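Peer 1: After the sequence you'll find the predicted model.
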Amino acid sequence: MKEIVVLLLIIAILGGIKSFSVETNEYHQNEAVIRDFHWPADAASVGNIPDMESLYFINMKVDILTQNFTDQFQKCITTKFDGGEIKTIHISTKLTHIELYSTYTENVIIKPRKYYQLEYFQCRGLSLTRIPENMSQLKKMKYLDLSFNLIQTVQLDQLNGLDDLFEIDLSYNKINHINNHGSVSFPSLTYLHLGGNQLKHIDVCSWNVPKLSYLNIVNNRLTLFAINSLRGLKQVNLARNPLNCVWKNSLLGDRTDIKIQEELTCDTNTKAAFGLDCPSTIDQLRFQNSTLIEDSSQTADQLKQQNSNFDSRLAQIEETVTNNSQQIADINNKIQKMAAQLKNLAKKSKINERFQKIETLLENLGSKIVEQQNVSNDIIEAIYRAEMERTYNTNKST
């Protein structure tokens, strides 16, 4: 690598700032590679970074990267950030190309009513939980990559107005819903990547994407979607989805114009009320009704299982009560027999007084056993009532 390495050790010693290094990328002569730059600790030495078309920061650390950070570099139209930590970045209006990779970025600030030049925007492996606001301000954007983030819900129509957008990559997030208020229009969109998410449904019937030719939805939870509304599709990857078997067979039989990437499997247990085309209003109502019925059936099965468990528990309690009562009754009968035998023995041996004491003790013992039986019965009855009350409250809340 051809180096014009600027080691700022002397400046660091004299100025008390953290050192960083700069070199020229031998494969891209218009790109400067800056390592271990810290802001604002290194602010006084920014002038040591050469003014080149591309600035490539490795392991940069800054809390907030301001919009005018690159204004002093007249030639710079591309910035790349690899590793390090950039919590918040303000998008510069002059840049055409921005890449962030594994920078733990949580916020991307795009100001409204600004004229942006950005065409290529990659935020890969960050900590974004949503699509940045005001994305529609990036009118010139052609490529958007928000893959490997933490996004759960996508409001797709917030990208309306990006007429030059050619490719969108939202793969490997945590997306479970793609919503839109009204129609979605991307006249230039050709590639769409949604793989590695948690999508169960995709409503594409309101999408206006006439040039969409490649769709990747691999490794989601889809059973079906109205693929016939995407007439321009040439390739699709639907592998590792629990597809409805009837829908899958219809796709393979009817859309021979589409190249299916990877072998498809299907789940015979999935149910659907419509197939490859956009459903009518009646079909939508039927589908919603079938979903409600299925949910109600699952709830009823859960209640039946709870009642079965409750009956089993009551049977155990009843068995315990019966066994305890029988055991106590057997012991009491034995004591009474022993008392009668002792009484007869006392009469015969003329030591009545002594055996009367023993008889009294046995009678007291018998009384205590009866009391213990009553206490045991009270405890068992309390447990029985508690179980009944708990089950009643559970069924009531359900």
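Peer 2: Yep, it's here.

Peer 1: Next, the buried residues of stretch 213-230.
Peer 2: 213-220, 222-230 (16 or more other Cβ atoms under 10 Å). (Each C-beta comes from the backbone N, C-alpha and C, glycine too.)

Peer 1: Repeat that for stretch 83-97.
Peer 2: Buried, per 16+ other Cβ under 10 Å, within stretch 83-97: 83-84, 86, 89-97.

Peer 1: What's the end-to-end length of that stretch?
Peer 2: One end of stretch 83-97 sits 17 Å from the other (Cα to Cα, to the nearest Å).

Peer 1: In the stretch 101-250 of the chain, where is pLDDT below threshold?
Peer 2: Residue ranges of the stretch 101-250 of the chain with pLDDT under 70: none are present.

Peer 1: all helices of it, in order?
Peer 2: Ranges of helices within the stretch 101-250 of the chain are 245-254, based on DSSP state H, counting those that start in this stretch.

Peer 1: And the strands in it, which stretches?
Peer 2: Assigned by DSSP state E, counting those that start in this stretch, the strands in the stretch 101-250 of the chain fall at 107-109, 120-124, 143-145, 153-155, 167-169, 177-179, 184-185, 191-193, 207-208, 214-216, 235-237.

Peer 1: mind putting those in CSV, distance to Ser45 included?
Peer 2: Below are the strands of the stretch 101-250 of the chain laid out as CSV (distance: least, Cβ to Cβ, whole Å):
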stretch, distance to Ser45
strand 107-109, 26
strand 120-124, 28
strand 143-145, 32
strand 153-155, 41
strand 167-169, 36
strand 177-179, 46
strand 184-185, 47
strand 191-193, 40
strand 207-208, 50
strand 214-216, 44
strand 235-237, 48
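
Peer 1: Nearest to Gln74, out of those?
Peer 2: Gln74 lies closest to strand 120-124 among these, at 20.2 Å (Cβ to Cβ).

Peer 1: For the closest one, name the packing helices and strands.
Peer 2: Under the contact definition 3 or more Cβ pairs under 8 Å, 6 or more residues apart in numbering; DSSP states H and E, strand 120-124 sits against strand 97-101, strand 143-145.

Peer 1: Between strand 97-101 and it, find me the angle.
Peer 2: Orientation check (axes from the mean of the first three to the mean of the last three Cα atoms, to 10 degrees): strand 120-124 against strand 97-101 gives 10 degrees.

Peer 1: What pairs with strand 120-124, parallel or antiparallel?
Peer 2: Its sheet considered, strand 120-124 pairs with strand 97-101 (parallel), strand 143-145 (parallel) by DSSP bridges.

Peer 1: quick one, which of those is nearest to Glu363?
Peer 2: Closest to Glu363 of the strands paired with strand 120-124 is strand 97-101 (Cβ to Cβ; 89.8 Å).

Peer 1: got a list of contacts for that closest one?
Peer 2: Outside of strand 97-101, the residues within contact range by Cβ atoms under 8 Å, 6 or more residues apart in numbering are 54, 77-83, 86, 89, 91-92, 118-126.

Peer 1: coming back round to it: Leu156 is nearest to which of the helices and strands packed on strand 120-124?
Peer 2: Closest to Leu156 of the helices and strands packed on strand 120-124, according to Cβ to Cβ: strand 143-145, at 11.8 Å.

Peer 1: list the buried ones in stretch 166-176?
Peer 2: Residues of stretch 166-176 classed as buried: 166-173, 175 (neighbour count, 16+ other Cβ under 10 Å).

Peer 1: And stretch 238-257, by the same measure?
Peer 2: Across stretch 238-257, burial judged by 16+ other Cβ under 10 Å covers 238-245, 247-248, 250-251, 255.

Peer 1: ok, now stretch 26-43?
Peer 2: 31-35, 37-39, 41-42.

Peer 1: Show only the entries of the residues you listed found in strands.
Peer 2: Among the buried residues of stretch 26-43, the members found in strands (DSSP state E) are 31-35.

Peer 1: so can I have JSON lines of the residues you listed showing distance to Asp267 and pLDDT?
Peer 2: Shown next, in JSON lines, are these (distance: Cβ to Cβ, whole Å; pLDDT from 0 to 100):
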{"residue": "Glu31", "distance to Asp267": "49", "pLDDT": "96"}
{"residue": "Ala32", "distance to Asp267": "53", "pLDDT": "94"}
{"residue": "Val33", "distance to Asp267": "50", "pLDDT": "95"}
{"residue": "Ile34", "distance to Asp267": "51", "pLDDT": "94"}
{"residue": "Arg35", "distance to Asp267": "50", "pLDDT": "95"}
